[in-house]
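Chemist: no sequence on hand, only this structure:
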């Protein structure tokens, strides 16, 4: 996959390095030459430029990029402007960093649905989300094993845990499933609530849109999640 990451601070640089290490093509952008020079051997491509300059941004291969991530954290104004520029240029998938709740509301107002909170989420977790298909969240136990939350594919709907043979076919353990439902709130509106099934049973029937909580090696998880479901 092809990525553009704007802002090579701690979070942006770490994410860019991890995605590059996974074999993806990453363009890392920062206006600080010191940052660019420091990372030029660790990221596929590094560019020193002011990403608030619309003409400069238009020169980037946005149309051929799978995901653009605006990781600018120091200046909210610059973050919002850069995010808006990439949105106007038709970025296929655009993710932006929010500093506080007000900043997040502004990003949502301009149509950004995927927002990063580096203070709460690590670059490792985001690297997994971006590299693996259908992953909603992940927790890295060590460098070899992880727990991930992944959406149940349409093709698995109506099948039981026993029928899917996760352990034998994929070398993975299903810890539980999570169902998202709407419930009425105290003030008359509705809210979405996630409820875990508990300890999973072999006869549990999977439903499309539910979440699988899987444990296994990173390689086995990657093989399972990146397969083409038939």
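Modeler: Looks like it came in fine. Since this is a predicted model, take the numbers as computed values, not measurements.
Chemist: what about residue 180, how many residues nearby?
Modeler: Using other Cβ atoms under 10 Å, residue 180 has 11 neighbouring residues. Yep, even glycine has a C-beta here, placed from its N, CA and C like the rest.
Chemist: surely it and residue 196 touch.
Modeler: No - between residue 180 and residue 196 no contact is recorded; they are 11.0 Å apart, counting by Cβ atoms under 8 Å.
Chemist: ok, the residue nearest to residue 210 when sequence neighbours are not counted - contacts?
Modeler: Taking Cβ to Cβ, 6 or more residues apart in numbering, and ignoring the residues beside it in sequence, residue 210 has residue 152 as its nearest neighbour in space, at 4.7 Å. Each residue near residue 152 by Cβ atoms under 8 Å, 6 or more residues apart in numbering is listed here: 177, 206-212.
Chemist: so which residues of the protein form helices?
Modeler: Defined through DSSP state H, the helices belonging to the chain, from first to last, are 10-21, 33-39, 54-58, 76-88, 101-109, 123-131, 161-164, 218-225.
Chemist: next, the angle helix 76-88 makes with the fifth one.
Modeler: Put plainly, it is helix 101-109. On the basis of axes from the mean of the first three to the mean of the last three Cα atoms, to 10 degrees, helix 101-109 is oriented at 10 degrees to helix 76-88.
Chemist: so which bits of helix 101-109 are buried?
Modeler: Counting neighbours by 16 or more other Cβ atoms under 10 Å, one finds that the buried residues in helix 101-109 are 103-104, 106-107.
Chemist: ok, now which ones touch residue 10?
Modeler: With contacts defined as Cβ under 8 Å, 6+ apart, the neighbours of residue 10 are residue 118.
Chemist: tell me how far it lies from residue 227.
Modeler: 34 Å (Cβ to Cβ, to the nearest Å).
Chemist: on that earlier part again, between the buried residues of helix 101-109, which is nearest residue 15?
Modeler: The closest of the buried residues of helix 101-109 to residue 15 turns out to be residue 107 (Cβ to Cβ; 17.7 Å).
Chemist: pLDDT below threshold where in the chain?
Modeler: Filtered on pLDDT under 70, the chain yields the residue ranges 119-142, 182-193, 228-230.
Chemist: neighbours of the closest residue to residue 197 other than its chain neighbours, how many?
Modeler: Leaving out its chain neighbours, the residue that sits closest to residue 197 by Cβ to Cβ, 6+ apart is residue 177, at 4.7 Å. Burial measure for residue 177: 21 neighbouring residues, criterion other Cβ under 10 Å.
Chemist: residue 205 too?
Modeler: Counted by other Cβ under 10 Å, the residues lying close to residue 205 total 13.
Chemist: right, I'll call it a day here.
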